[in-house]
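In: One predicted model, sequence on top.
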Amino acid sequence: MRLKSSYSFLKAYFNYTGSGNRIYARAVSEAMKVIRETAQENNLKPIQTYLHKQFSLKLTKDMLLRLVSQAMLQYQDPFSEIHYFNIIAAIDKNLITTKHRGIEIPIEGGWDKKNKKLIIFTFSQPNNMREELRVIKGLLKEFAPAGHLPADIKTAAYWDLSKGKIAEVDYQALQGVDRQSLIDAANRIN
């Protein structure tokens, strides 16, 4: 089973309860789709197209505008300084006790090679950022293919696209969570 996002896994790991706001979920989904297209094309055209689309969500437009604003404030040339990554952390079926044939967790965001900074796009305030990053670090270490993301990450940043804020932590100082707790969380996913 492939999850829609790393947040789906974090939700199971931390027993987060969702508000069930379908419009907000759709806005997040559309924003990530446009971000992926923008990274693939390496220009702002997909964002500009979405902003001028007749039937588009205002929430998504606001998120995309905050992304552009944050990128322009942090970088002189975001398209050459930030590289999009999408890694799949795969927990094998023989570790899963539920009906699923393994769990695939997408971990995606930006990579600032010069500053060795991992950028995670979020859509809510980072109230549990350190602990969530410990889970992501554990997933990358235990279940992601080797060599797909640099091992020398120094900083991790959460770019909150709901409020337009950035929070950063020292990634190297974080201890990744253990393998068994990740497997246990995967087995709680319905």
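Out: Looks like it came in fine. Numbering: from 1, shown residues only.

In: list the helices and strands the top helix by length along the chain packs on?
Out: Secondary structure assigned by DSSP state H gives helix 22-41 as the longest helix of the chain. When contacts are defined as 3 or more CB pairs under 8 Å, 6 or more residues apart in numbering; DSSP states H and E, helix 22-41 sits against helix 45-51, helix 58-74, strand 83-91. From N, CA and C alone the C-beta is placed, and that goes for glycine too.

In: Relative to residue 8, how far out is the closest residue to residue 100 other than its chain neighbours?
Out: Spatially, and ignoring its direct neighbours in sequence, residue 100 is nearest to residue 1 (4.4 Å; CB to CB, 6 or more residues apart in numbering). Distance, residue 1 to residue 8, using CB to CB, to the nearest Å: 10 Å.

In: Return every residue with contacts to both of these two.
Out: Residues touching both residue 1 and residue 8 (CB atoms under 8 Å, 6 or more residues apart in numbering): residue 189.

In: correct me, but residue 61 touches residue 50?
Out: Yes: here residue 61 reaches residue 50: they are 7.1 Å apart, a contact under CB atoms under 8 Å.

In: Could you list which residues are in contact with residue 136?
Out: Applying CB under 8 Å, 6+ apart, the residues near residue 136 are 6, 107, 120, 156.

In: make it 10 Å
Out: Shown here is residue 136, whose contacts under the criterion CB atoms under 10 Å, 6 or more residues apart in numbering are 6, 9-10, 87, 89, 105, 107, 109, 118, 120, 144, 156, 171, 174, 176-177.

In: what do you get for residue 135?
Out: Residues near residue 135 by CB under 10 Å, 6+ apart: 6, 9-10, 13-14, 105, 128, 174, 176-177, 181-182, 185.
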